[in-house]
Each structure stands twice: as C-alpha cells, then as structure tokens.
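Q: okay, sequence plus prediction incoming.
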Amino acid sequence: MRARVRAVSLSAVILVSLALPREPRAQAATSPSEARANPSQSLAIVVNRSNPLDNLSFIDLRKIFLCERDHWPNGHRIAVAMLDYGQPERKTVLRLIYRMDETGYQDFLLREMFRGDVFIAPKILASPTIVRKFVFNAPGAIGYIRTRDVDQSVKVIRIDGLLPDDKGYRLQIDEASAGKESD
Amino acid sequence: MRKQPKFRARPLLSGSTALLGIQGAGRSLSRQVSIVLLVLVLVGESGVAVFVMRDLGRSYATAQRMYTGAVQGLLRIGDMQYDAQETRRATLYALTTNDGNLQVAYADQSRNADGGVTEGIVQFLAAARTADETKAGQQLARDWSNYLKVRDEVLGLILEGSPKEAVHLDLNLGVSEFELVRNDLDKVKRSYDEQASQQLATVAELSRASMTRLTAALVLGLGLGTVAIWAIQRSRLRAAVHLAELRMDFVAAVSHELRTPLTAILTAAENIRDGLALSRERLFEQASVITAQAVQLMETVDQVLQFSAASEKKLPHPLREVRVEEVIDDALLSTQSLVDEAGFFVETKIEPDLPHIIADVSVLSQCIQNLIANAVKYSRVKRWIGVSASMNREQNQILISVHDQGIGIHDSDLKRIFEPFYRSPDVIGAKIQGTGLGLAIAKRGAEAFGGDLTVSTEVGIGSVFTVRLPVAKPARQKASNAESAMRGARA
C-alpha cells in the first residue's frame, strides 16, 4: 500500500514537473546578463578550508554524494552533509546529483548500507547554517548551501571548473519544482 | 632723719583689689603657656595626621593595585579554567551523540569556550609585569594552542563519523595536552596568589604603620595635653605662691615702714611721760620726733593707697590737655623739701614749645615725684638729679626723663623692678627702706595716659627713667582721645 502511494506521488511529481513552464530558464538564457547565473538560486558545493581540492567534476561529485568514494586525496574521510527532509536545497541535490526523488534516495541509502557498501550515512542537518558549521569543523566534510549562505568559514569548490556565479553552472535551485515536489 | 617725699592721699581701696595686677600676671602666664602647648599639640597632631593620611592613601592605592592586578587576575584565571574545562567538556559531549545537529552545537560550544581562554591568555600576557609571568603566559599559550589542534582533530573525527578514532586520539594526545594546560593555569593562578599575598602583606604593613602612627598621635596628644594642663596648674600654683610671697613681703615691708615711725613716736611719748624730757629743748626735740615720724607714717599709708588706686585703674580727675612744664614744676615743688634736705642739686632741661599732652596733672606729677624720690634714695655719693623733657618727633611722643648718678640696677633685677612690692636683694641688704611700690605706681601712672615708663641703667654709673607720653591731637579730637586714653588705661 505504501509503495503504491509512493509510486503514485512520484508519478504525480514527474507529471507536474513536465507540465511546469520552462520560462524562467529560457528568460535567463536570453537575458542581457546571461554571462552570469542567478546567484541567489545557485547551490554552492562547500568543503572545509583545509581541503586542498579546488575543483571537482560533476561525475566525481556524484560519486562522492553516492558514497562511491570514501576518502579525499589528503586521506580524510569524506563526510557528506545533507539538509533535512523537505528543504529546496536537498530537493535540488536529489534531483540534480542523485537523480532520485526522496523515496528513491531513502531506498538507495538503505540498500547501500544493508549491502555494506556505505558505512557512514550522510549527516542530516537542520539548516544551511549548521551545514556551514559542520563543514567548517570537519576537515573531510562536503555539503551544499545557497551562495547567499556562504561565508569565509568554508571553501566553495568549482564543479567542472565553474563557480556558482558562472554561466553554465549546473546546480541551480528550481524553487517552483522544489516547492511542488515538497507538496 | 630723712624726710620722705610728700604724697597726696588717695581714696582707701581694698587690699585684694590692690593685688589684682599680680593675679593678672599669673593668669597671663598660664594663658601663654597653655596656648603654646595647645599650638604644639595641634602642630604635632597635624604632622601625624599628614603621615596617617599618606599611609591611608598608599594603602588605598596598594589595595586598588591588588584588586586590579591580583584579584582581577584570579577572577580571570577562574574564568579561563572554567572555559578550558568547557572546551573539553563540549568536545566530549559531541562524542555522546550521533545527531549531527547536536554535534555541531557542541562543536560551537567548545569553540566559544576556547575563545574565552585565548582572550584570557592575551590579557594575562598584556598585564604580565615580571619575566616569570610572561614566561608562564607564553607556556600557557603554547600548550593551549597544542591542545586546540588536538581538539580540532577530535571534533573533525567526530563530525566525520569516526568516533572510535576520535576517542583514541583524545586519549592519546588530548588528555595529556589538556593536563599541561591545566598545570599551566594552576601555575599562573599560584603566581597571582603569591602576588596577592605580597600585596596583602604590604597593605597589612601599611595598616600597622598607620595604627602605630595613630597610636603615637593619640599618645602624643594625650601627653602634650597632660603637660599643658600640668603647666597651667603649675603656673597657677606658682602665681599663687608668688602672690603669697608678695603679700608676705608687702606685709613685712608695710609693717616695717609702719612700725619704725610708730616705735619712734612711742619712744618719744614715753620719754615725755616718764619725765625724761624735762627741759624745754628736750621736750621740743621729742615733739619734733613725734611730728616727723607721724608725717612719715602718713606718707607710707598714702603710698599704699596710691598703689591701690593705680591698680583700680580709676583716675581721680578728668583728663585734660596739660603742659609738660606744668607737670614737671608740680613734681619738683612737691619734692623740693626732700631734695633740699638730702642736699641734692636738681638740673632741669625742658625743650621749648613742647606740645601738650592729655593727662591728669596730679597722677602724672606723682609719677615724676616717685622717680625723683627714687633718685634721692638710691644715690650715694653724687647728689645730682637731672630732669629733662623733650620731643621724639618720629614717634610723636613727649619724653620726660629723670637722671641720677646712683648705684644703678643689675640686669637680673631690670625685668622685675616694675613689679609691685619687688625689692632687689642688694637694696634689702643695704637696708634702704621702701615698700617696693614706687616704680609700680609710676609705671601705671604713665600707662594710664597711653604712655610707658622705661629705664636705661648701668651699675655704679646711674640710671635714666623715661616717661613716654603721646602728644595731644588737635582740639576737635580731644574728647575722643581722652576716651581712648581712658580705655587704654582700663585695658
């Protein structure tokens, strides 16, 4: 019964997302300031300032979030910080990086831990501020926050050589779809 | 038989009033002594008060330094110890949970606490006064920095989900590093304790010094006060003894002065009664003795009464402007028989056109008469008396002087010759009769008119007694001058 409800809701989400107008993105692409992304809607990937890494490919980023990589090149264990359920940033990450919905992510996590492929589940944190503090305190931490929440305590890394402000940066929050997903 | 100068009779006054001058002198001495002693007490107390105030100021400053240095330092160390414990406690709390949010909160708590310790170390180093303190502060800073590195790693491991490694690291390094920090803090605290103890000892020492000085001030004050009271009492006692001695001397002198003529009168009367003076010549001789001795007796009584009147400071007649010549003539006339009988030559030298003086002729004349009588009495070989009057224009005074070539006065007697009833031992030894009142009466007579009586003398050469009197002012000021003269005389 529960699985059926999930399937129905997932179908509804997909349908709704397909039905959503694409105008905001289209407008952004054709606007005079197209050289730059909308900073308030960009999602920055942040790591501890001691982390020597400056750039990640999107593929590597995905591997990290899917717990396919355990350690950074400097030897620190990777600790993924996830925002709590229902937040737009989390939905964006699930959509763009995990390419899953919430249910799929939960299933994935349970499956991986059950198989023993993942020893440490991502930390579930309540707010972007806590994510930032977590990343600041843990040398191996990696998390995501809006660019407006970034400060000097953490380091923003490039994804495929692009910063959140750059054109073509992939991690953009779609507020509308995020809101509908949460519904 | 010598004839005594003739004195005018004065109203009879009580004996106690006559002695007022002596009692006043005694009281004046007591007042002076007591004032001097009280001033000494005040000066002494003020001096000690200055010391005590300085001690109190130093104690206050030391206490302030102690508070700002040691006490506040101890408080700061207390805060640092608490913050250090809080830093570690919060780190360990983070180990007790798997909730990432709580772990972050504990990490935050730990970092906030370590900020307090770091700030405290900076303050301690800034306030450090000695090399030891600086060294201890630097050691603490190093150890604290080392511990924080371990703490950061432990926190990182906890947040990364490696609690086992975190515990291992904390046990291996964190505990020992934190122990070093704790020892350093204890060391700093001990240095503050020692500082506080030293400053407390200084404050205690200053307090003891203040107490000692206060006690000394009280003892000094009490001592000086006691001495002052003792001096006053002693002065009063001495005045009383002196008064009693003078009274006895007075009684003895008066008795002698009265008894001598009375004895002569009695002897002459008995001679007549017993028929020893049968011839007319013998009878005349005995009657003459009686008459002469009676006159002497009367004059002695008159002198005592004059002194009483002079002590009362009441003048028998109102003051008026008088000529100096008038006064001198009156005095010379009154003493003429005495001078002639003694075979003295009186030379007068009066400056012409002398201004008038404000006086009572009879009193002032009496003053001069006493000086002339003394000149006769105390001259042995050279029978010469000079009476002069001149003007001292600088001080606007009339000077009336009586010169003699008599025995002179010793320095030791000079300060006492104007005391009533005083008679020098030489005079008593030479059996020169007198009551010791002549100069006292003369001085008070001069002072009654705002003047003074002074003496310059040389033993074996002679003496000069000078009456100094203020010149009368213009007529329109006469009345006020007279009143002020009276006031001066009464004062």
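A: Ah, there it is. Numbering: from 1, shown residues only, chains lettered A, B, ... in the order given.

Q: next, count neighbours for residue 41.
A: Looking at chain A here, since you left the chain open. 20 (other C-beta atoms under 10 Å in any protein chain shown). The way it works is simple: take the backbone N, C-alpha and C, and place the C-beta from them, glycine included.

Q: not what I meant, chain B
A: B:Val41: 18 neighbours (other C-beta under 10 Å).

Q: what's the answer for the one 5 residues further on, then?
A: Residue neighbour count, defined by other C-beta under 10 Å, stands at 11 for B:Ser46.

Q: same deal with A:Phe58?
A: 15.

Q: and what of A:Ile173?
A: 21.

Q: that one touches A:Leu43, doesn't it?
A: Yes: using C-beta atoms under 8 Å, A:Ile173 is in contact with A:Leu43, at 5.7 Å.

Q: quickly list what's touching both of the two.
A: Taking C-beta atoms under 8 Å, 6 or more residues apart in numbering or on different chains as the contact rule, A:Ile173 and A:Leu43 both touch A:89, A:92, A:146.

Q: out of these, who has the most neighbours?
A: Busiest of the shared contacts of A:Ile173 and A:Leu43 [other C-beta under 10 Å] is A:Thr92, holding 24 neighbours.

Q: so what's that residue scoring on pLDDT?
A: Note for A:Thr92: predicted pLDDT of 91.

Q: and the host helix or strand of it, what does it pack onto?
A: Using DSSP states H and E, A:Thr92 sits in helix A:88-93. With contacts defined as 3 or more C-beta pairs under 8 Å, 6 or more residues apart in numbering or on different chains; DSSP states H and E, helix A:88-93 has these neighbours: strand A:43-48, strand A:79-83, strand A:141-146, helix A:175-182.

Q: by mean pLDDT, show me the worst of these.
A: helix A:175-182 (a mean of 54).

Q: hmm, back to that, from the chain's centroid, how far away is the helix holding A:Thr92?
A: Its chain's C-alpha centre and that of helix A:88-93 lie 6 Å apart, by C-alpha atoms, centre = their mean, to the nearest Å.

Q: go on, stretch B:185-194?
A: On C-alpha atoms, centre = their mean, the centre of stretch B:185-194 falls 56 Å from the chain's centre.

Q: likewise stretch B:193-213?
A: The answer for stretch B:193-213 is 37 Å, by C-alpha atoms, centre = their mean.

Q: just stretch B:111-121 next, same as before
A: Taking mean C-alpha positions (C-alpha atoms, centre = their mean), stretch B:111-121 and its chain are 67 Å apart.

Q: what's the answer for stretch A:157-177, then?
A: 10 Å.

Q: just to revisit the earlier point, tabulate the shared contacts of A:Ile173 and A:Leu43 (TSV), appending distance to B:Glu326.
A: Putting the shared contacts of A:Ile173 and A:Leu43 into TSV (distance: C-beta to C-beta, whole Å) gives the following:
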residue	distance to B:Glu326
A:Glu89	134
A:Thr92	139
A:Arg146	130
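
Q: of all those, which comes closest to chain B?
A: A:Glu89 (15.5 Å; C-beta to the nearest C-beta).

Q: I figured the closest one hits A:Gly143, correct?
A: No: judged on C-beta under 8 Å, A:Glu89 makes no contact with A:Gly143 at a distance of 9.4 Å.

Q: what count of nearby residues applies to B:Val464?
A: Neighbours of B:Val464 using other C-beta under 10 Å come to 17.

Q: which residues of chain A lie near chain B?
A: A:48, A:76-79, A:81, A:120, A:123-126, A:130, A:133-134, A:137-141 (C-beta under 8 Å from any C-beta of the partner chain).

Q: try it again at 10 Å.
A: Residues of chain A lying close to chain B (C-beta under 10 Å from any C-beta of the partner chain) are A:48, A:50, A:76-82, A:84, A:119-127, A:129-141.

Q: buried only: go through those for me.
A: For the residues of chain A next to chain B, a burial check counting by 16 or more other C-beta atoms under 10 Å in any protein chain shown picks out A:48, A:76-82, A:122-123, A:125, A:130-141.

Q: for the chain, just list every one of the strands.
A: Picking chain A for this. A:43-48, A:55-56, A:79-83, A:123-125, A:141-146, A:154-156, A:158-159 (DSSP state E).

Q: chain B is the one I meant
A: Using DSSP E, strands in chain B cover B:320-322, B:345-350, B:357-359, B:384-392, B:397-404, B:452-458, B:462-470.

Q: below-threshold pLDDT in the stretch 51-200 of chain B: ranges please.
A: Filtered on pLDDT under 70, the stretch 51-200 of chain B yields the residue ranges B:66-69.

Q: mind listing the helices for it?
A: B:72-95, B:100-127, B:131-159, B:163-169, B:175-273 (DSSP state H, counting those that start in this stretch).

Q: now the second one and helix B:131-159, what's the angle there?
A: Between helix B:100-127 and helix B:131-159, the angle comes out at 170 degrees (axes from the mean of the first three to the mean of the last three C-alpha atoms, to 10 degrees).

Q: again with the longest one
A: Using the same axes, to 10 degrees, the inter-axis angle of helix B:175-273 relative to helix B:131-159 is 150 degrees.

Q: who's in contact with A:Arg77?
A: Residues near A:Arg77 by C-beta atoms under 10 Å, 6 or more residues apart in numbering or on different chains: A:70-71, A:119-120, A:138-141, B:156-157, B:160-162, B:165.

Q: understood, closing this out.
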